[in-house]
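Novice: Sharing a sequence plus its predicted fold:
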Amino acid sequence: MRRAIAAVVRKDVLVELRTGEAVPAMLLFSISTFVLFHFALDRRSVDGDLAAGVLWVTLLFAAVLGIVRLFVAEREQGGFDGFLLAPVDRTALFVAKATVLFAFLAALELVAVPAFAILLLGPSPWDAVPELVLVLALADVGIAVVGTLVGALGIQTRTREVIVPILALPLMIPLAIGAARATSPLFLEAGAAAVPGRWLLVLGLYDLVFGLLAFAVFDFLLED
Amino acid sequence: MFARGLKTLSIASVVLIVGAFALVFFYAPNDADQGFIQKIFYLHVPLAIVALCGFVAGGVFGIQFLRTGDRAHDLRSYVAIHLSLILAVAALVTGSIWARAAWGHWWVWDEPTLVSFLIVFLLYACYQPLRFAIEDSGRQARAAAVFSIVAGAFVPLNFLAVRLAQSFSHPRVLSATGGTMPGEMRLTFLVSLLAMAVLFVTLWKYELTSKQASMQLRALKRRLAEDDEPWLPAGRSAAPQQL
């Protein structure tokens, strides 16, 4: 199972490095959205809960772009058939795809969060980097798990560009609540405050519940 | 297959609904603060509770469908979610009317129960578009079952997250101590809840029976035409077409 996962992850990362279909688009989308927020809110800088909201709305919408693309190659180039023919556990595909989505999100945030700090964020986030990384990582696990599931549901439909966002966004509302509430004390004008533990707990619980659920039901989406 | 006990259930739901309304209008006292408008509570809360239970029941039938592969469970799950969506719209509308009367606003954001309910409704509103967008019936049933399970598990998690995020101001009618409701109000509420639940089951069985009858009718027409092709209605539908 570990080798199957590694093979699929390697394939996807290689495809992404050669074609650049997902991450560059997500990144450009995020930066355009920051510029849009600047004009829509008519603010030179944001802080506190407003900053957390802008950051998380942008990241979630950018994640939806990646989710829509996640299974396209499998669907259009017959990757699903190849995978089903291989004598490996089907859960391997779920784990591999969630890992790939997590890696894409991490790559996106590596550029998009500093860009946010430069373009829009008022207070300097330097003191809060470790906590910010923790919140981002917890939220990314949740987005990766739910995104893989929604991507696999959406790829079955004829209208995945429509189905994926309308499914993913309501499912991610608890995650957005937890992530935004955990991030807002880090962006305070008066200097970063401590992250409230209960929001980290909500994020962790979300990751756990959806991780187990997706693990249990993903196989059924691959049958043919 | 689905029609058993339908007559008893129909009579029971008529009796219970009439009884519940009689209790609401003639037995339960007017609320000291809100007066007559508070009586919408006997409609709004049962609607919301039954709709949420219907969503979760749809998820349970989804699990059974994935375990057994029996299409009847897919139909049960579809009809439960479909009916719950209708009740959910009614619950949102009555909740909005009540909020307007009690707090002066049509919509109150610092109201965790209302907001969670809206989120759950938004999620389940995708159920029909999802089914509609998948042509292959086996794949449609499996994807719908996966959706119903994930969404069913999402309901409690969402309520937890939204409640943590906001203040506690919704009246907690079913807390461990029974809230602060006087006995007459509680009795009326419980009868209303029971009436709504029985009404839901009755409607659910009616729709299942009707769907099954039209499937049988299609099968008979096909036999009459000596047509070997699996004959499906013109145009697509979100509902399961075969058992």
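Specialist: All right, it came through fine.
Novice: Name the residues of the top helix by length along chain A that come out as buried.
Specialist: Ranked by residue count, the top helix of chain A under DSSP state H comes out as helix A:91-119. Neighbour counts over helix A:91-119 (16 or more other CB atoms under 10 Å in any protein chain shown) mark A:91-105, A:107-109, A:112-113, A:116-117 as buried. In this view, the C-beta of every residue, glycine as well, is placed from N, C-alpha and C.
Novice: so where is chain B shaky, pLDDT-wise?
Specialist: B:32, B:166-181, B:227-236 (pLDDT under 70).
Novice: residues contacting the most centrally placed residue in it?
Specialist: Residue closest to the mean C-alpha point of chain B, counted by CA atoms, centre = their mean, is B:Ser84 at 2.0 Å. When contacts are counted by CB atoms under 8 Å, 6 or more residues apart in numbering or on different chains, B:Ser84 is found next to B:50-52, B:54-55, B:58, B:124, B:200.
Novice: Just give the nearest non-adjacent residue to it, would you?
Specialist: Leaving out its chain neighbours, the residue that sits closest to B:Ser84 by CB to CB, 6 or more residues apart in numbering or on different chains is B:Gly54, at 3.3 Å.
Novice: cool, B:Ser237 as well?
Specialist: Nearest non-adjacent residue to B:Ser237, counting by CB to CB, 6+ apart: B:Phe132, 7.6 Å away.
Novice: In contact with A:Ala98, which residues?
Specialist: Contact analysis of A:Ala98 by CB under 8 Å, 6+ apart lists A:144-145, A:147-148, A:214.
Novice: And the pLDDT for it?
Specialist: If you check A:Ala98, the pLDDT there is 94.
Novice: Report the secondary structure element holding the residue nearest to the centre of chain B.
Specialist: Taking DSSP states H and E as the criterion, B:Ser84 maps to helix B:71-103.
Novice: Quick check: what element follows that helix along the chain?
Specialist: helix B:112-124.
Novice: Who are the packing partners of that following helix?
Specialist: If you count contacts as 3 or more CB pairs under 8 Å, 6 or more residues apart in numbering or on different chains; DSSP states H and E, helix B:112-124 packs onto helix A:160-171, helix B:41-68, helix B:71-103, helix B:137-165.
Novice: mind running it again at 10 Å?
Specialist: Helix B:112-124 is packed against helix A:160-171, helix A:173-183, helix B:41-68, helix B:71-103, helix B:137-165, with contacts defined by 3 or more CB pairs under 10 Å, 6 or more residues apart in numbering or on different chains; DSSP states H and E.
Novice: Quick one: closest of these to B:Ala195.
Specialist: helix B:41-68 (7.3 Å; CB to CB).
Novice: buried sites along that closest one?
Specialist: Within helix B:41-68, the residues that count as buried by 16+ other CB under 10 Å are B:41-66.
Novice: Regarding chain B, what is its longest helix?
Specialist: Ranked by residue count and defined by DSSP H, the top helix of chain B is helix B:183-224.
Novice: ok and that one relative to helix B:71-103, angle-wise?
Specialist: Here the directions of helix B:183-224 and helix B:71-103 differ by 140 degrees (axes from the mean of the first three to the mean of the last three CA atoms, to 10 degrees).
Novice: State the pair within the contacts of B:Ser84 that is farthest apart.
Specialist: Pairwise over the contacts of B:Ser84, using CB to CB, the maximum falls at B:Tyr124 and B:Phe200, 15.1 Å.
Novice: Let's verify B:Gln241: helix, strand, or coil?
Specialist: When classified by DSSP: H, G, I helix; E, B strand; the rest coil, B:Gln241 comes out as coil.
Novice: any idea how far chain A is from it?
Specialist: 17 Å (CB to the nearest CB, to the nearest Å).
Novice: if we can go back for a sec, if you count neighbours, what's buried in the helix holding B:Ser84?
Specialist: B:71-85, B:87-88, B:91-92, B:94-96, B:98-99, B:102.
Novice: Look at the residue nearest to B:Asp31 when sequence neighbours are not counted and say how many residues are nearby.
Specialist: In this structure, B:Asp31 finds its nearest non-sequential neighbour in B:Gln38, 3.5 Å apart by CB to CB, 6+ apart. Using other CB atoms under 10 Å in any protein chain shown, the number of residues around B:Gln38 comes to 19.
Novice: B:Ser148 too?
Specialist: 29.
Novice: With adjacent residues omitted, what lies nearest to it?
Specialist: Computed as CB to CB, 6+ apart, the closest residue to B:Ser148 that is not its neighbour in sequence is B:Gly62, at 3.6 Å.
Novice: Now do the contacts for the one you found.
Specialist: When contacts are counted by CB atoms under 10 Å, 6 or more residues apart in numbering or on different chains, B:Gly62 touches A:217, A:220, B:73-74, B:76-78, B:80-81, B:141-142, B:144-152.
Novice: The same query, at a cut-off of 6 Å, please.
Specialist: By CB atoms under 6 Å, 6 or more residues apart in numbering or on different chains, the residues touching B:Gly62 are B:77, B:145, B:148-149.
Novice: And for A:Leu153?
Specialist: If a contact means CB under 6 Å, 6+ apart, then A:Leu153 has B:Ala143 as its contacts.
Novice: Got the confidence number for it?
Specialist: 92.
Novice: angle of the helix or strand it falls within against helix B:137-165?
Specialist: Here A:Leu153 sits within helix A:129-154, counting by DSSP H and E. Taking the same axes, to 10 degrees, one finds that helix A:129-154 is oriented at 150 degrees with respect to helix B:137-165.
Novice: Can you give the distance of helix A:129-154 from its chain's centre?
Specialist: When C-alpha coordinates are averaged (CA atoms, centre = their mean, to the nearest Å), helix A:129-154 and its chain have centres 5 Å apart.
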